[in-house]
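**Student:** I would like to see how this sequence folds:
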Amino acid sequence: MGFNKYEKQFYVYINTNIRNTVLYTGVTNNLLNRNSQHKEKNSKLSFTAKYNVDKLVYYEFFEDVSYAISREKQIKNLLRRKKIDLINTLNPKWKDLAEEL
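**Tutor:** Predicted structure coming up:
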């Protein structure tokens, strides 16, 4: 039985710190697990651990990993203002969306 790339779920997400001053964009196939890793600071030397970037404020869902990776690159290349606009469309209060998942 072969691997079907459409059986997985992929997410592009933006995390921030408690003051909403640092933005981090990533891609994962397990949003809750990945967010837990950010909160637990598993990799102490990582960017997200260094800047306490563990609040999930935006995400998009994809069924195809190539689309997710492409979207991640697109978001990473946006100006900060455009990223903020993107977050505000989904989450104008900048709540931690992981608490609702």
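**Student:** SS state for Lys73?
**Tutor:** Secondary structure for Lys73, judged by DSSP: H, G, I helix; E, B strand; the rest coil, is helix.
**Student:** Now do it: how many residues are near it, please.
**Tutor:** The burial count assigned to Lys73 is 12, neighbours taken as other CB atoms under 10 Å. C-betas here are computed from N, CA, C, even on glycine.
**Student:** could we number from 5 for the rest of this?
**Tutor:** Shifting the count to begin at 5 puts that one at Lys77.
**Student:** Quick check, pLDDT for it.
**Tutor:** At Lys77, the model reports a pLDDT of 98.
**Student:** now it: how far from Asn92?
**Tutor:** Counting by CB to CB, to the nearest Å, the separation of Lys77 from Asn92 is 21 Å.
**Student:** With His42 instead?
**Tutor:** His42 sits 21 Å away from Asn92, going by CB to CB.
**Student:** In terms of neighbours, single out the busier of the two.
**Tutor:** When neighbours are counted by other CB under 10 Å, His42 and Asn92 differ, and His42 comes out ahead with 22 against 13.
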